[in-house]
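1. Sequence first, predicted model second:
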Amino acid sequence: MNHTDKPHQQASTLWTSRMAFILAAAGSAVGLGNIWKFPYITGENGGGAFVLVYLACIALIGIPVLIAETMIGRRGGRSPIGTMRYLTTEEGTSRGWRVIGWNGVIASFLVLSFYSVIGGWSLVYIGKTAFGAFTGADADAVGGQFGGLLASPGQLLLWHSVFMVIVVFIVGRGIRAGLEKAVKLLMPLLFLLLTVMVIYAMTTGSFGEGVNFLFSPDFSKLTTTGVLTALGHAAFTLSIGIGVLMAYGSYLPQNVNIAKTAMSIAILDVAVALMAGLAIFPLVFANSLEPGSGPGLIFVTLPLAFGQMPGGIFFGTLFFALLLVAAITSAISMLEPVVEWLEEHRGVSRFKSALVGGLAIWFIGIGTVLSFNIWGDVHPLGFIAAFEGKTVFDLLDFLVSNLMMPLGGLAIALFAGWAMQRARLPEDIGLSGRSYERFMFVLRYVTPAGILVVFLYNVT
Ligand code: PHE
């Protein structure tokens, strides 16, 4: 193999501009993680203290890895596996680092399998809201509708399948053209609608309670597993450690400043999550719901609000439609490393790669579908203490978000911070002088130490 050419760094395959990359990476970052997952895990982990740890993980671990991973991707110019193979050779480092590429492709494969099932829920809720299923409904009725959906493997499978077909189709046709437009238009709209929801939450009379729950830390409510979940979520929400940014970075033109870009993406991503929290927790308290009720949280609280507010059918339908778009732009990015790898190493066409990869992922997704009903009591690795009581869905989520993504991030920080040659790094990252020195200090010491400490606490 010729190690000097970079297959993805030809004019025809690059992002058309810095903006296009920001939009795609932001589209990957902002998704179900911000609006569905962040509120429910915050609820499960007691609120404020969890949020604080999550924010610290974003700043000290998430952003440095986001920068390093994108930089590695652009340097390699290939799929995550190809990039790591190329770079370990070019940099003359141990071949062991190649595990980063494999971890990424396997993790993005697994994450999409359950992400798609939840994406299917937003499809269902577009229809339900549009047809007025929630108009005037009380908490029991709304909860009952969600319970009914979970209890039906047929429905879950149907919408999981529809979601996967959409994703495969978009990725198979090549990601750039439609994606840029969709994100450019719909992301601001999502932001606007979240603002509407936050304003509505202010009228519930429980806004203060919601704000308190989110922002006044009570560390007695935070467990060591909670800290691991916060770390895992910081990785999940920024899409790091999993090869996605390496894949997107491989299409990034050389003149784009990665450090600046990464900062804007992270700020946007956190803002969306916090807004979702501000919209949801007041509703939870106003309706005497349970903050720790689990993955159904937004599908029970938001429909209640849409059922009561003026124009609820319009706002509700639009909201779930935008949630769907946000989920799709993330799902697309999860399929990308798999497809890029199949194309590159197996010589399969893009469309076929998307189809084959998508089909396999769809099949694994059936495990998640069943874990909400027929397999509700099946705990595959339950004999291991850390996995006790976890269904297939819980297990996949834990494995990918709390283990593979943070450990992938650790390896990326170590590779970029310690193994790569320094000469070109400042220019590649887009920092110089003092800010570069500071960044490298965080990447080499703080980031790895942070991840290690969380893990050590959790195994001891
Ligand atoms: N960041 C996405 C979200 O918050 C999820 C994601 C994870 C996307 C891993 C790509 C890779 O919804």
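-> Okay, I see it.
2. State the helix or strand in which the closest residue to Thr195 other than its chain neighbours lies.
-> Take Thr195 and drop its neighbours on the chain: the residue closest to it by Cβ to Cβ, 6 or more residues apart in numbering is Met275, 7.1 Å away. C-beta here means a position set from N, CA and C on the backbone, and glycine is covered the same way. Here Met275 sits within helix 258-286, counting by DSSP states H and E.
3. Mind checking the pLDDT average for that helix?
-> Mean per-residue pLDDT for helix 258-286: 96.
4. Okay, buried residues for it please.
-> By neighbour count on 16 or more other Cβ atoms under 10 Å, the buried set for helix 258-286 is 258-259, 261-262, 265-266, 268-270, 272-286.
5. now do stretch 141-159
-> Of the residues in stretch 141-159, 142-143, 145-146, 149-150, 153, 155-157, 159 count as buried by neighbour count, 16+ other Cβ under 10 Å.
6. Can you add pLDDT, distance to Phe320 and secondary structure and give those back as JSON lines?
-> Below are the buried residues of stretch 141-159 laid out as JSON lines (pLDDT from 0 to 100; distance: Cβ to Cβ, whole Å; DSSP: H, G, I helix; E, B strand; the rest coil):
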{"residue": "Val142", "pLDDT": "95", "distance to Phe320": "14", "secondary structure": "helix"}
{"residue": "Gly143", "pLDDT": "95", "distance to Phe320": "17", "secondary structure": "helix"}
{"residue": "Gln145", "pLDDT": "96", "distance to Phe320": "13", "secondary structure": "helix"}
{"residue": "Phe146", "pLDDT": "97", "distance to Phe320": "13", "secondary structure": "helix"}
{"residue": "Leu149", "pLDDT": "97", "distance to Phe320": "13", "secondary structure": "helix"}
{"residue": "Leu150", "pLDDT": "97", "distance to Phe320": "17", "secondary structure": "helix"}
{"residue": "Pro153", "pLDDT": "98", "distance to Phe320": "22", "secondary structure": "helix"}
{"residue": "Gln155", "pLDDT": "97", "distance to Phe320": "16", "secondary structure": "helix"}
{"residue": "Leu156", "pLDDT": "98", "distance to Phe320": "16", "secondary structure": "helix"}
{"residue": "Leu157", "pLDDT": "98", "distance to Phe320": "20", "secondary structure": "helix"}
{"residue": "Trp159", "pLDDT": "98", "distance to Phe320": "12", "secondary structure": "helix"}
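7. Using CSV, lay out these together with distance to the ligand.
-> Below are those laid out as CSV (distance: Cβ to the nearest ligand atom, whole Å):
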residue, distance to the ligand
Val142, 23
Gly143, 24
Gln145, 24
Phe146, 20
Leu149, 20
Leu150, 20
Pro153, 24
Gln155, 22
Leu156, 19
Leu157, 22
Trp159, 17
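8. tell me how far stretch 363-371 is from the chain's mean position?
-> Centroid separation for stretch 363-371 versus its chain: 19 Å, with Cα atoms, centre = their mean, to the nearest Å.
9. follow-up on the earlier one: near the ligand, anything from the helix holding Met275?
-> No - taking Cβ under 6 Å from any ligand atom as the criterion, helix 258-286 and the ligand are apart, separated by no less than 7.3 Å.
10. in terms of contact, does Val284 touch Leu297 like I think?
-> Yes - counting by Cβ atoms under 8 Å, Leu297 is a contact partner of Val284 at 7.4 Å.
11. which residues are common contacts for those two?
-> Listed as contacting both Val284 and Leu297 by Cβ atoms under 8 Å, 6 or more residues apart in numbering are 43, 291.
12. Those residues of the stretch 1-150 of the chain touching the ligand, which are they?
-> When proximity is defined by Cβ under 6 Å from any ligand atom, the stretch 1-150 of the chain lies next to the ligand at 28-29, 31-34, 108, 111.
13. Select from the residues you listed every entry located in helices.
-> 28-29, 32, 108, 111 (DSSP state H).
14. what's the farthest-apart pair in the residues of the stretch 1-150 of the chain next to the ligand?
-> Using Cβ to Cβ, those reach their maximum pairwise distance at Asn34 and Ser108, which is 18.1 Å.
15. what pLDDT does Leu186 get?
-> With respect to pLDDT, Leu186 has a value of 83.
16. give the contact list for whatever residue of the stretch 151-300 of the chain ends up closest to the ligand.
-> For the stretch 151-300 of the chain, the residue closest to the ligand is Ser239, as judged by Cβ to the nearest ligand atom, at 3.5 Å. Listed by Cβ under 8 Å, 6+ apart, the contact set of Ser239 reads 25, 28-29, 245, 330, 333.
17. Phi and psi next, for it.
-> Main-chain dihedrals, Ser239, degrees, to the nearest 10: phi 60, psi 40.
18. next one: Ser250
-> Ser250 adopts backbone torsions of phi -70, psi -20, taken as degrees, to the nearest 10.
19. Distance of it relative to Thr368?
-> The spacing between Ser250 and Thr368, counted by Cβ to Cβ, to the nearest Å, is 29 Å.
20. The two: who's more crowded?
-> Neighbours were counted for Ser250 and for Thr368 using other Cβ atoms under 10 Å; Ser250 has more, 28 against 25.
21. can you pull the contacts of the more buried one?
-> Applying Cβ under 8 Å, 6+ apart to Ser250 gives the contacts 6, 8-9, 73-74, 76-79, 83, 340.
22. So which of the residues you listed sit within helices?
-> Using DSSP H, the contacts of Ser250 in helices are 73-74, 76, 83, 340.
23. Between those, which sits nearest Gln421?
-> Nearest to Gln421, judged by Cβ to Cβ, of those is Gly76 at 14.2 Å.
24. residues contacting the closest one?
-> 6, 82-84, 86-87, 246, 250.
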